[in-house]
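Pasting a predicted model and its sequence here:
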Amino acid sequence: MRADLPPVERAGTGFFVDDLGHVLTARHVVQSCGRIVVQKEGRSTTARLIALSTPYDLALLKTPTTRGIAAVFPRTAPSSVNSMVFAADYTSLPTMVTRGGMLANASVGKTSGSNEAGHIAITSTVTFGASGAPVLDSRGLVEGVISRKTNVNRVLAVSAASAKSFLASSNIRPQEDDRPQLSGSASRAHRAASISARVVCLN
């Protein structure tokens, strides 16, 4: 690469999974990156790649500190088909939070075929930049991690069970609970904004 050319950049979303600065995101966002930067609330920090999942589109990063709060995964009760869920890329979350908005156009669908095992299907129009974003259920719990679109209105997300198994392989134990994590009139957009960050890959 010529020294006078700007670095090639791709970006996605990630979210904090503990209080030690570990971030979960999509593998394709950070694989083969020269440098990984995590951005949140106007602050940027360099992240270190800890692990990549072989069967799933997941990557684990380490930053110096957790900004915001860590995500909570369901202990036993996943969302069922037709349940309403929420997913958005980090760059759009501040706007939704400011306006008091919440995406309600995502629902859990059916997976099909062995290549979709370990995933949940979502009927949603989430766009570029949402890769690695948490999928939150009505309780504010993480039900999945956005991976890829299969058509214009269908998205695959790595399931919470698969994500927890990947984290366990790196000795990361995320918080688990089946109780709601949303208080008062807080929306899932607020919850997502509090746990999420923008992940930037520089080459």
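Done, it's in. Numbering: from 1, shown residues only.

Now do stretch 113-132: distance to the chain's middle.
11 Å (Cα atoms, centre = their mean, to the nearest Å).

In that stretch, which of the residues would be classed as buried?
Under the neighbour-count criterion of 16 or more other Cβ atoms under 10 Å, stretch 113-132 has 118-122, 124, 126, 129-132 buried. For every residue, glycine as well, the C-beta is placed using N, CA and C.

What does the pLDDT read for residue 131?
For residue 131, the model assigns a pLDDT of 92.

isn't it right next to residue 29, touching?
Yes - the criterion here is Cβ atoms under 8 Å, and residue 131 meets it with residue 29 at 5.3 Å.

Need the overlap of contacts for these two.
Both residue 131 and residue 29 are in contact with residue 12, where contact means Cβ atoms under 8 Å, 6 or more residues apart in numbering.

Which strands or helices does the longest helix along the chain pack on?
Longest helix in the chain, counting residues (DSSP state H): helix 160-169. Judged by 3 or more Cβ pairs under 8 Å, 6 or more residues apart in numbering; DSSP states H and E, the packing partners of helix 160-169 are strand 22-25, strand 72-73, strand 142-151.

Can you list the neighbours in contact with that helix?
With contact meaning Cβ under 8 Å, 6+ apart, helix 160-169 is reached by 17, 22, 24, 51, 53, 55-56, 58, 60, 73-74, 78, 118-119, 141-145, 173-174, 176.

Please apply the same query to stretch 145-159.
13, 24-26, 28, 56-58, 78, 87, 109, 111, 116, 118-126, 130-135, 143-144, 163.

residues in contact with the spatially most central residue of the chain?
Centroid check for the chain by Cα atoms, centre = their mean gives residue 133 as the closest residue, at 2.4 Å. For residue 133, the contacting residues are 12-15, 87-90, 126, 145-146, 192, 196, by Cβ under 8 Å, 6+ apart.

And the residue nearest to it when sequence neighbours are not counted, how far from residue 26?
In this structure, residue 133 finds its nearest non-sequential neighbour in residue 13, 4.0 Å apart by Cβ to Cβ, 6 or more residues apart in numbering. From residue 13 across to residue 26, the span is 8 Å (Cβ to Cβ, to the nearest Å).

Neighbour count for these two, which is higher?
residue 13 (29 against 26; other Cβ atoms under 10 Å).

how about the more buried one, phi and psi?
The phi and psi values for residue 13, taken as degrees, to the nearest 10, are phi -130, psi 150.

hey, what's it bridged with?
Beta-bridge pairing for residue 13 (DSSP bridges): residue 198.

Would you agree it is in contact with residue 89?
Yes - counting by Cβ under 8 Å, residue 13 does reach residue 89; the two are 5.0 Å apart.

one step back: identify the contacts common to residue 13 and residue 26.
In contact with both residue 13 and residue 26: 131-132, 146, using Cβ under 8 Å, 6+ apart.

and those residues as TSV, adding distance to residue 180?
Formatted as TSV, these follow (distance: Cβ to Cβ, whole Å):
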residue	distance to residue 180
131	27
132	24
146	22
